[in-house]
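Asker: can you look at this prediction? I've put the sequence above it.
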Amino acid sequence: MAKRNELPRRTFLTGAATLMGTAAVAQSTDFQESVEIESDISQTTQRNVSAFRTLNWRPYFDNLNNGAILVDLTSRALHYWSEDESIYKLYPTSVPLTEDLTRRGRTRVTRKVEGPSWRPTPAMRKRNPEWPEFVGPGPDNPLGTHALYLSWTYYRIHGTHDTRKIGRRSSNGCIGLYNEQIAELFELSKVGTQVLLI
């Protein structure tokens with residue numbers, strides 16, 4: 001069993017494949033390894049394999065000024081394109097638990113924070129009165145190691161220390177990534193990066 005902050009071996013391989021620019025585990029050159037990895041993952045996490053397909057930015061954005069992030073809530077995937085189109089990234093994500101916690105539409109990155117602190121929203125506190133009012137940076141912080149704040153109040157794209165959440169409906173509205181991948185997206189994106197949730 002993996003320790004709290006360690007990725008299980010096969011989950012790590014899946015994340016590492018994405019970090020290295022592999023668009024899909026299902027498209028791996030070693031088909032048998034792909035099937036084994038997906039089988040392992042499906043036992044602990046419901047994932048949508050269709051998430052791991054590349055997309056073109058043009059149906060979703062008029063331009064790539066400041067770069068662009070597309071979050072596909074159905075396939076639980078985040079796509080990133082750099083302004084000059086030289087970089088394209090695809091990451092698995094966690095998405096909101098329920099439809100009433102889900103927001104769709106256009107927004108933008110307004111702030112970037114490494115080592116974010118976290119305060120539950122008033123609605124979260126009402127649903128979960130036992131939750132703390134404040135959590136500082138560290139391994140117990142639900143925002144993980146990095147957070148991209150959006151122009152929508154309370155909404156973030158952030159990391160998570162709980163790797164079981166990725167690929168699931170598990171958030172209270174935010175979009176979660178593995179810490180290693182939010183760190184990469186954090187470096188690639190900028191204040192002003194366009195964001196579209198569909």
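Answerer: Sure, I can see it.
Asker: mind jotting down where the strands sit in the chain?
Answerer: With DSSP state E as the criterion, the chain has strands at 68-72, 77-81, 88-92, 95-96, 105-114, 146-150, 156-160, 169-171, 175-178, 194-197.
Asker: can you check which of those gets nearest to A123?
Answerer: strand 95-96 (12.2 Å; CB to CB). The C-beta positions use only the backbone N, C-alpha and C, and glycine is treated the same way.
Asker: what is the closest one packed up against?
Answerer: Applying 3 or more CB pairs under 8 Å, 6 or more residues apart in numbering; DSSP states H and E, one finds that strand 95-96 contacts strand 169-171.
Asker: strand partners (parallel or antiparallel) of the strand it packs on?
Answerer: strand 95-96 (parallel) (DSSP bridges).
Asker: and L97, how far is that from N172?
Answerer: According to CB to CB, to the nearest Å, L97 stands 7 Å off from N172.
Asker: correction: the previous question concerned E184.
Answerer: Distance from E184 to N172, by CB to CB: 24 Å.
Asker: the residue nearest to S117 when sequence neighbours are not counted: neighbour count?
Answerer: The shortest distance from S117 to any non-neighbouring residue, by CB to CB, 6 or more residues apart in numbering, is to G136 (5.1 Å). G136: 10 surrounding residues under other CB atoms under 10 Å.
Asker: using a markdown table, lay out the strands of the chain together with mean neighbour count, mean pLDDT and distance to R127.
Answerer: Below are the strands of the chain laid out as a markdown table (neighbours: other CB atoms under 10 Å; pLDDT from 0 to 100; distance: least, CB to CB, whole Å):
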| stretch | mean neighbour count | mean pLDDT | distance to R127 |
| --- | --- | --- | --- |
| strand 68-72 | 22 | 97 | 23 |
| strand 77-81 | 23 | 97 | 26 |
| strand 88-92 | 21 | 97 | 26 |
| strand 95-96 | 23 | 94 | 13 |
| strand 105-114 | 15 | 98 | 23 |
| strand 146-150 | 23 | 98 | 21 |
| strand 156-160 | 25 | 97 | 18 |
| strand 169-171 | 18 | 91 | 13 |
| strand 175-178 | 27 | 97 | 18 |
| strand 194-197 | 22 | 98 | 22 |
